[in-house]
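**Q** Here you go, sequence then predicted model.
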Amino acid sequence: MFKRILSAALVFGAASLAPPAANATPACGPRDIVIEKLENGYKEALVGGGLSGATQLLEVWSSPETGSFTILLTQANGTSCILAAGENWHGEMPAQPVADPGIAG
């Protein structure tokens, strides 16, 4: 009996020390309010997007001024959820120089 209680205490104690899941619950709200915050608060503009299934719109917003970016998923009912956000956005990877096969590296 003592072993079971001790084991349970160790398991639940270890679980309580685990870090919380990152972005476990996405931030959601009416699309017009989310967009207003992205445009006015973060100076972001729509840079791309597309349909994700029949009823979802995936969008990428970014700011050339600040380098911030946000990825939104909007449902047909007008609710937008922030799936990801970050910094140092670049819209296109710079061209990588092609290695000369005659030069040993």
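**A** Here it is on my side, so go on.
**Q** Quick one: mean pLDDT for stretch 77-85?
**A** Averaging pLDDT along stretch 77-85 gives 95.
**Q** Can you give the contact residues for that stretch?
**A** 23, 26-32, 34-35, 58, 68-75 (C-beta atoms under 8 Å, 6 or more residues apart in numbering). In short, each C-beta sits where N, CA and C put it, glycine included.
**Q** Let's see which of the residues you listed end up in helices.
**A** Arg31, Asp32, Val34, Ile35 (DSSP state H).
**Q** ends of stretch 42-54, how far apart?
**A** Using C-alpha to C-alpha, to the nearest Å, one end of stretch 42-54 lies 29 Å from the other.
**Q** Secondary structure class of Glu39, three-state.
**A** helix (DSSP: H, G, I helix; E, B strand; the rest coil).
**Q** My guess is Leu58 contacts Thr70. True?
**A** No: contact between Leu58 and Thr70 fails when scored by C-beta atoms under 8 Å: they sit 11.5 Å apart.
**Q** Just want to know which of these two has more residues nearby.
**A** Thr70 (23 against 15; other C-beta atoms under 10 Å).
**Q** OK, contacts around that one?
**A** Leu38, Tyr42, Glu44, Val60, Trp61, Ser62, Ile82, Ala84, Ala85 are the contacts of Thr70 under C-beta under 8 Å, 6+ apart.
**Q** and the gap between Glu65 and Glu39?
**A** Noted for Glu65: a distance of 12 Å to Glu39, by C-beta to C-beta, to the nearest Å.
**Q** Going through the contacts of Thr70, which ones are buried?
**A** Leu38, Tyr42, Glu44, Val60, Trp61, Ser62, Ile82, Ala85 (16 or more other C-beta atoms under 10 Å).
**Q** In JSON lines: those, plus distance to Ser52 and secondary structure.
**A** Converted to JSON lines, these look like this (distance: C-beta to C-beta, whole Å; DSSP: H, G, I helix; E, B strand; the rest coil):
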{"residue": "Leu38", "distance to Ser52": "18", "secondary structure": "helix"}
{"residue": "Tyr42", "distance to Ser52": "22", "secondary structure": "coil"}
{"residue": "Glu44", "distance to Ser52": "19", "secondary structure": "coil"}
{"residue": "Val60", "distance to Ser52": "12", "secondary structure": "strand"}
{"residue": "Trp61", "distance to Ser52": "15", "secondary structure": "strand"}
{"residue": "Ser62", "distance to Ser52": "18", "secondary structure": "strand"}
{"residue": "Ile82", "distance to Ser52": "15", "secondary structure": "strand"}
{"residue": "Ala85", "distance to Ser52": "18", "secondary structure": "strand"}
